[in-house]
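Visitor: Using only what follows, build the 3D model:
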Amino acid sequence: ALFFAKPVEYRVETAAEILTQGEVLEGSFTAANRGAEPVDGWSPSIRLAYGEFKKIKQNQADAYEIQQTIALGESFSLAPGADFTVPWRFALAPDCPITSKTGSLFLLYGGDLAGAGGFGMLDLRVNLAPVLETFIATVENYFSFEAGSRKATAGFTEVSFKPPRSYPTLEKMQILMRLRDEGM
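Guide: Okay, the predicted model is just below:
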């Protein structure tokens, strides 16, 4: 992903853009001063954040919920024509938010992550952990429920199930689940 905030050009590269809860995301951050003057007091960083698509589209201040931050430098100077490259690494939590219709995890990067539009972003696709997928398949196969939407809700993954015809009074079933060190 490439982002340009005059005079600095930012580039983030990742090994993967499709992840599973609990995996490690690694990559590199590169910044290049394309201007004729040095950039002083520069403090680049990269963040892992959950963003709600509707709020992002409306440029709301609370569109992102920061999960982790890595400071890549503290108030230093980037000379004209100079490049700055550093590796970074995030370990996704086993209960991190998954990608759904309402939101996804993003990498936010740049020299001014507090300013509106002062950062680049890269959306990541995060899938549910395999053990949770197995649980959903069990509910579908053994109880004849049909899994529907999946979304992040207050630290959990919420899965809606459509019941079989054998449960005429049940409209839907929702299961909130997450993985922790203690288990599911």
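Visitor: Contacts made by stretch 12-27 with the rest, please.
Guide: 1, 28-30, 46, 48, 87-96, 98, 105, 107, 109, 120, 122, 124-130, 132, 179 (Cβ atoms under 8 Å, 6 or more residues apart in numbering). C-betas here are computed from N, CA, C, even on glycine.
Visitor: Does anything pack onto the lengthiest helix in the chain? Which helices or strands?
Guide: Scanning the chain for the longest helix, with DSSP state H as the assignment, gives helix 130-143. Other elements packing on helix 130-143 under the criterion 3 or more Cβ pairs under 8 Å, 6 or more residues apart in numbering; DSSP states H and E are strand 146-153, strand 156-162, strand 173-177.
Visitor: right, so these: which one is the most enclosed?
Guide: Of all the helices and strands packed on helix 130-143, strand 156-162 has the most neighbours on average by mean count of other Cβ atoms under 10 Å, namely a mean of 18.
Visitor: Who does that strand pair with, and is each partner parallel or antiparallel?
Guide: strand 146-153 (antiparallel), strand 173-177 (antiparallel) (DSSP bridges).
Visitor: all strands of this structure, in order?
Guide: Secondary structure of the chain, counting by DSSP state E: strands at 2-5, 8-14, 18-20, 24-33, 39-42, 45-52, 64-71, 76-78, 83-91, 103-110, 120-127, 146-153, 156-162, 173-177.
Visitor: okay, those strands, which one's buried deepest?
Guide: Scoring these by mean count of other Cβ under 10 Å, the most buried comes out as strand 103-110, with a mean of 22.
Visitor: got any ranges where the protein has weak pLDDT?
Guide: Along the chain, segments meeting pLDDT under 70 span 112-117.
Visitor: Pipe the strands of the chain into a markdown table and attach distance to Gln58 per row.
Guide: Converted to a markdown table, the strands of the chain look like this (distance: least, Cβ to Cβ, whole Å):
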| stretch | distance to Gln58 |
| --- | --- |
| strand 2-5 | 20 |
| strand 8-14 | 24 |
| strand 18-20 | 26 |
| strand 24-33 | 27 |
| strand 39-42 | 30 |
| strand 45-52 | 10 |
| strand 64-71 | 13 |
| strand 76-78 | 33 |
| strand 83-91 | 27 |
| strand 103-110 | 13 |
| strand 120-127 | 15 |
| strand 146-153 | 19 |
| strand 156-162 | 23 |
| strand 173-177 | 27 |
